[in-house]
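> what's the 3D shape of this:
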Amino acid sequence: MRLAFFGDVVGRAGRDGLADHLPALRRSLDLDFVIVNAENAAAGFGITESTARELFDAGADCLTLGNHSWDQKEALTYIVREPRLIRPLNYPRLADAPGRGAQLLETDRGQRVLVVNLLGRVHMDSLDDPFAAVDKELDACPLGMAADAVVVDIHAEATSEKMAMGHFCDGRASLVVGTHTHVPTADAQILPGGTAYQTDAGACADYDSVIGNQKEEPLRRFTTRISGGRYKPAEGPATICGVYVETDPATGLARRVEPIRLGGRLAEHVPAV
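Numbering: from 1, shown residues only. Okay, here's the model as predicted:
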């Protein structure tokens with residue numbers, strides 16, 4: 001199976017960038033399934049039904065979220081109606097958290113893909129243990145048996161927590177990939193047990209920015225410690241950042257992983273197929 005995961009979409013620039021590049025990438029890479037982290041899609045904070053539809057129309061099969069899941073209040077009801085929208089699995093009172101933190105979805109070719117979204121706990125919102133949560137989910141839907149591929153999005157601040165999650169899931173997931181810090185890391189690899197891993201996929205955003213935001217307000221806060229207003233997404237051409245994975249059809253484990261960087265300001269890299 002051929003999978004692609006794209007990092008945090010930031011505002012209009014990120015949505016437009018995916019709309020410009022994803023349809024051609026789906027064709028050129030012959031992608032079976034595409035996952036996009038969309039927790040910053042609506043003006044940099046959360047997601048709305050209309051912004052989600054833009055990403056689905058661009059070619060996303062599933063959207064994951066993170067610490068900004070509920071910044072747009074309509075997400076609380078939209079996620080109940082949209083099974084392709086996944087919020088973090090490890091909320092402390094799951095009965096009170098709308099939607100789902102893991103979902104088994106099917107490709108056009110009938111392949112089954114389990115998508116799991118987790119929120120880290122180091123320098124992040126205080127949720128339940130993500131390791132215990134993912135352990136239970138992977139046991140309930142094992143790779144190679146109930147699922148043909150398993151993708152885990154660990155939305156976290158600390159690289160150590162993301163790396164630990166990769167090794168914790170090694171051999172039981174096709175891909176473990178980090179989101180949230182918006183900067184693509186140079187450590188795409190296949191772990192010893194066969195799980196593809198990258199610490200952070202990066203963002204789909206204008207990189208003439210501070211992690212996708214217009215530079216003026218972050219600079220003001222860093223230099224003066226005084227807020228001058230709300231963060232606003234940068235509006236220049238976006239670089240589309242993500243990860244490409246090929247899995248073994250017999251096991252669902254990875255046999256190839258490569259970063260994707262296309263358009264905007266960063267050096268371009270698209271896997272050759």
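> low pLDDT regions in the stretch 1-150 of the chain?
Along the stretch 1-150 of the chain, segments meeting pLDDT under 70 span 95.
> and the helices in it?
For the stretch 1-150 of the chain, the helices defined by DSSP state H, counting those that start in this stretch cover 11-28, 49-58, 75-81, 130-140.
> what is the longest one packed up against?
Contacts defined by 3 or more CB pairs under 8 Å, 6 or more residues apart in numbering; DSSP states H and E place helix 11-28 against strand 2-6, strand 8-9, strand 33-37, helix 49-58, strand 203-204, strand 240-247, strand 254-262. The C-beta positions use only the backbone N, C-alpha and C, and glycine is treated the same way.
> and the shortest one, by the same measure?
In this structure, helix 75-81 packs against strand 85-86, with contacts taken as 3+ CB pairs under 8 Å, 6+ apart.
> about what we covered before: which of the helices and strands packed on helix 11-28 sits closest to residue 90?
Of all the helices and strands packed on helix 11-28, strand 33-37 sits nearest to residue 90, with 16.1 Å by CB to CB.
> other SSEs contacting the closest one?
strand 2-6, strand 8-9, helix 11-28, strand 62-64, strand 149-155.
> can I get those in CSV including mean neighbour count?
Converted to CSV, the helices and strands packed on strand 33-37 look like this (neighbours: other CB atoms under 10 Å):
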stretch, mean neighbour count
strand 2-6, 26
strand 8-9, 32
helix 11-28, 20
strand 62-64, 26
strand 149-155, 29
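> make TSV from those and add distance to residue 103 to it.
Listed next are the helices and strands packed on strand 33-37 as TSV, based on distance: least, CB to CB, whole Å:
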stretch	distance to residue 103
strand 2-6	15
strand 8-9	19
helix 11-28	20
strand 62-64	7
strand 149-155	11
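> between these, which gets nearest to residue 219?
helix 11-28 (18.3 Å).
> the closest one: how far from the chain's middle?
Averaging C-alpha positions (CA atoms, centre = their mean, to the nearest Å) puts helix 11-28 15 Å from its chain's average.
> and the residue lying farthest from the centre of the chain, backbone torsions?
Distance from the C-alpha centroid of the chain peaks at residue 224, with 32.7 Å (CA atoms, centre = their mean). Torsion angles at residue 224 (phi, psi; degrees, to the nearest 10) stand at phi -120, psi -20.
> tell me the pLDDT of it.
We have a pLDDT of 95 for residue 224.
> ok, residue 33 - contacts?
Counting by CB atoms under 8 Å, 6 or more residues apart in numbering, residue 33 makes contact with 1, 2, 3, 4, 61, 62, 105, 107, 111, 113, 149.
> from residue 13, how far out is it?
Going from residue 33 to residue 13 by CB to CB, to the nearest Å gives 25 Å.
> how about residue 65?
Noted for residue 65: a distance of 19 Å to residue 13, by CB to CB.
> go on, residue 252?
34 Å.
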